[in-house]
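Chemist: sequence plus the predicted model coming up.
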Protein chains: 2
Amino acid sequence: MRRDSRLSRSLHLLIHMDRFPDPVTSDHLAKMVATNPVVIRRMMQGLKKTGLVSSGKGHGGGWVLAKPLAEITLLDVHEALGATVVFNIGLADDNPQCLVERAVREKLTQAMSEAEGVLLQSFASIRLSDIASDFETQLAALGSDQNRLPICIPERASKADQVD
Amino acid sequence: MRRDSRLSRSLHLLIHMDRFPDPVTSDHLAKMVATNPVVIRRMMQGLKKTGLVSSGKGHGGGWVLAKPLAEITLLDVHEALGATVVFNIGLADDNPQCLVERAVREKLTQAMSEAEGVLLQSFASIRLSDIASDFETQLAALGSDQNRLPICIPERASKADQVD
DNA sequence: AATTAGAGTAACAAGAAAAGTTGCATGAAA
DNA sequence: TTTCATGCAACTTTTCTTGTTACTCTAATT
């Protein structure tokens, strides 16, 4: 089953953007997650509308965070993406007049909205800075053995620090 | 986004089957939910394997419940369908060596498995008989005004009670 | 025995949704 | 004025689910 990986992807990219001094282009972001720049732009539109990021055109343009990571929760990103549907389980509407079907829908709706509430509450309680510090901890644990390149390769490819 | 409506559909059908004296054919069930008999058979295979229903071939064959509704929970049906994926939210695997991506995956996995636990626990606590009695209550509330046909039309089309 | 009615199953077609791609317009900096 | 970037629309590709067809096997009825 095909799942929406935009939340996961944008969290990943937003944290990388925070570590970058300059605006990051869609091209650059696309390479980090092995996709096409247009896919990135499409995904970022929602984040821009809700004020999580901003974009600049032309020379030196690209994407920057509009808020510090500590002021962005997973719920903010989730909602900004317009990801309305959390569950993969759907309510059949095969025979709308049937009271049996309605009773089924009602019970399933109850159960699912309870669980959705739990998920969204978790999301609301997690800030991007929490994830970033998890990352820093892991990175520090690796010590100076940086040969493993434990981050996205394009992260180092800023103008000041060209790779290859 | 396309959601899996098999859970909803099979609950609906299982409750109708319970109200039927005889085995119900795939054809009959298919008409109730406006689909093809093969789709029904496919869906029922899992339920059969886990002993929720049984099937008979040939004349007078069809599907019957193998257990009373009170001994079947939503979780039983959910698992029997092999519906492993509960969420529509996926974990990107764009750059597996990246520690940022890993930190994101870890946090999302935590949040999602907590919510999944809540959902499955709800499912475990709801028996099909609970839904059936909700339905009976609604049906009784309608009184004798049965002209609205508040159930699937093919429900009445048993041999003993032919319609049209 | 022949017929009819059903499940079981494999292979294929249709549909839908997300992801990816291309091309071009627009705007900003060099 | 050229270059580099986003913005956007249209199209293609991919992938998954659902639906469909055709056939086999089995059991009851006639």
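Modeler: Alright, I've got the coordinates.

Chemist: show me the strands in chain A, by range?
Modeler: Counting by DSSP state E, chain A has strands at residues A:53-56, A:62-65.

Chemist: of all these, which one is nearest B:Thr50?
Modeler: Of all the strands of chain A, it is strand A:53-56 that lies closest to B:Thr50, at 47.6 Å by C-beta to C-beta. To be clear about C-beta, it is placed using only N, CA and C from the backbone, and glycine gets the same treatment.

Chemist: quick revisit: deepest of the strands of chain A, which one?
Modeler: With neighbours defined as mean count of other C-beta atoms under 10 Å in any protein chain shown, these peak in mean count at strand A:62-65, which reaches a mean of 20.

Chemist: for that strand, name the packing helices and strands.
Modeler: In terms of contacts (3 or more C-beta pairs under 8 Å, 6 or more residues apart in numbering or on different chains; DSSP states H and E), strand A:62-65 is packed against helix A:6-18, helix A:26-32, strand A:53-56.

Chemist: what distance separates the second one from the centre of its chain?
Modeler: Its chain's average C-alpha position is 14 Å from that of helix A:26-32, according to C-alpha atoms, centre = their mean, to the nearest Å.

Chemist: do any residues in that helix lie close to DNA strand D?
Modeler: Yes. Counting by C-beta under 7 Å from any atom of the strand, DNA strand D has neighbours in helix A:26-32: A:26-27.

Chemist: do the same with the longest one
Modeler: No. Contact of helix A:6-18 with DNA strand D (C-beta under 7 Å from any atom of the strand) is absent, the minimum separation being 11.0 Å.

Chemist: per-residue pLDDT, A:Gln97?
Modeler: In this prediction, A:Gln97 carries a pLDDT score of 84.

Chemist: tell me if the lengthiest helix in chain A is near DNA strand D.
Modeler: With secondary structure taken from DSSP state H, chain A has its longest helix at helix A:99-125. No. Helix A:99-125 lies apart from DNA strand D when judged by C-beta under 7 Å from any atom of the strand; the minimum separation is 14.6 Å.

Chemist: check contacts around A:Ser129.
Modeler: Neighbour list for A:Ser129: A:68-70 [criterion: C-beta atoms under 8 Å, 6 or more residues apart in numbering or on different chains].

Chemist: closest one of these to DNA strand D?
Modeler: Checking these against DNA strand D with C-beta to the nearest atom of the strand, the nearest one is A:Leu69 at 19.8 Å.

Chemist: surely A:Thr73 and A:Ala124 touch.
Modeler: Yes. Between A:Thr73 and A:Ala124 there is a contact at 5.4 Å, judged by C-beta atoms under 8 Å.

Chemist: between these two, which one's more packed in?
Modeler: Taking other C-beta atoms under 10 Å in any protein chain shown, A:Thr73 and A:Ala124 do not tie; A:Thr73 has more neighbours (18 against 14).

Chemist: poorly predicted segments of chain A, please.
Modeler: Residues of chain A that meet the criterion pLDDT under 70 lie in A:1, A:84, A:143-164.
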